[in-house]
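**Q** Here's a sequence, model it:
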Amino acid sequence: MSTIIPDGNLSTSEALGAYVRKYRKQHGWRIEDVSGIANVGARFISDFERGKETAELGKALKVLEALGLELVLRPRGGLGIEEFRA
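**A** Numbering: from 1, shown residues only. Below you'll find the model as predicted:
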């Protein structure tokens with residue numbers, strides 16, 4: 001199944017949560033399905049998808065993994081690692 005959600009920059013907890021919710025729903029997965037696979041509570045996933053800023057990073061990463069998503073970090077503005085270290 002191809003993803004209809006485009007890759008892009010997500011700079012807020014709300015944007016990340018909305019992306020995760022759309023991805024989950026697009027695949028027809030219920031919150032309960034994902035919570036069982038990720039070993040986190042359904043309430044956590046609901047909060048995470050609503051953009052709760054205090055969501056635990058470790059649990060959020062478990063949810064992303066359960067959904068087959070990954071988090072990729074890079075310096076803003078295309079800074080190379082040499083410039084970033086300076």
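**Q** And for the nearest residue to residue 38 once chain neighbours are set aside, the neighbour number?
**A** For residue 38, ignoring the flanking residues on the chain, the nearest one in space by Cβ to Cβ, 6 or more residues apart in numbering is residue 66 at 3.8 Å. (Glycine included, C-beta is placed from N, CA and C.) Per other Cβ atoms under 10 Å, the neighbour tally for residue 66 reads 19.
**Q** Please give me every residue in contact with residue 66.
**A** 34, 37, 38 (Cβ atoms under 8 Å, 6 or more residues apart in numbering).
**Q** What distance do you get for residue 34 to residue 77?
**A** Look at residue 34 and residue 77: by Cβ to Cβ, to the nearest Å, they are 34 Å apart.
**Q** Ignore what I typed, I meant residue 49.
**A** 29 Å.
**Q** higher neighbour count, the two?
**A** residue 49 (23 against 6).
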